[in-house]
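A.B. asks: Quick one, fold the following:
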Amino acid sequence: MHNSELVKNTFFTADALKIYKPVFSVEELETMSRYLERPMWRYGHISSTIHNTPPFWSMSLHDNKFFTEDLLNKIQELTGDELQVTTCYANGTTYGLGGQPHQDDYDEYGRTFLLYANTAWDVRWNGKTTFLFDQGPEFVYPELNKAVYFPGVIPHFSEEPARTFGGLRKTIAWKLRLK
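C.D. replies: Numbering: from 1, shown residues only. Reported below is the predicted structural model:
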């Protein structure tokens, strides 16, 4: 869901960002990793229609019950919220493919659960997620088995990984609605 301009975030402050680590079991992470290794990535996903932004890689996971039911149950346990999945997919970026500010939803009921899905990450590879607030930006750095849960109305974007990172910076995004 994209509008031609960002809706001003009047509902939330940086306190609304909830960090979870660890999130999933070793077995769940291994299963996710196997899914993300499949040759199902597609180039052309964009995070914003506001700016002339380069597309990046994505993989739909919406029709996979492991992600939309099994892992959703774990997400609901962690957050304490009753949630409905609107979509689920993996994002992949490489050097030169940073995102542009965007929102995942446009009211206070939308939520995003964003899991950093690389099996290893070095802080020197950059790749943080930037959240934009009136009080200034907040940053969440990728780490193995770490997720950030936030209201989808909060403008945010992914920073491109550094040139020294030779792979795909992977995240899994659950777009959710509070029930």
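A.B. asks: Where does the prediction get shaky in this structure?
C.D. replies: Counting by pLDDT under 70, the chain contains low-confidence ranges at 1-11, 47-53.
A.B. asks: can we see that at 80?
C.D. replies: Scanning the chain with the threshold set as pLDDT under 80 gives 1-11, 44-56.
A.B. asks: Helices of that one, residue ranges please.
C.D. replies: Remark: helices of the chain, listed N- to C-terminal, are 26-36, 65, 71-79; assignment by DSSP state H.
A.B. asks: if you compare those helices, which one is most tucked away?
C.D. replies: helix 71-79 (a mean of 16; mean count of other C-beta atoms under 10 Å). For glycine as for every other residue, the C-beta is placed from the backbone atoms N, C-alpha and C.
A.B. asks: ok, so what distance separates the residue nearest the centre of the chain from Tyr149?
C.D. replies: If you average the C-alpha coordinates of the chain and look for the closest C-alpha using C-alpha atoms, centre = their mean, you land on Leu114, 3.4 Å from that point. Leu114 is 8 Å from Tyr149, where distance means C-beta to C-beta, to the nearest Å.
A.B. asks: contacting residues for the residue nearest to Arg111 when sequence neighbours are not counted?
C.D. replies: In space, Arg111 comes closest to Leu176 once its chain neighbours are excluded; the distance is 4.3 Å by C-beta to C-beta, 6 or more residues apart in numbering. The neighbourhood of Leu176, defined by C-beta atoms under 8 Å, 6 or more residues apart in numbering, consists of Ile75, Leu83, Gln84, Val85, Thr86, Gly110, Arg111, Thr112, Phe113.
A.B. asks: which one of those has the most neighbours?
C.D. replies: Phe113 (27 neighbours; other C-beta atoms under 10 Å).
A.B. asks: Is that residue in contact with Ala173, as I believe?
C.D. replies: Yes - under the criterion of C-beta atoms under 8 Å, Phe113 is in contact with Ala173, at a separation of 7.4 Å.
A.B. asks: how about TSV for the helices of the chain, with distance to Glu159 added?
C.D. replies: Shown next, in TSV, are those (distance: least, C-beta to C-beta, whole Å):
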stretch	distance to Glu159
helix 26-36	20
helix 65	32
helix 71-79	24
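A.B. asks: That'll do, ta.
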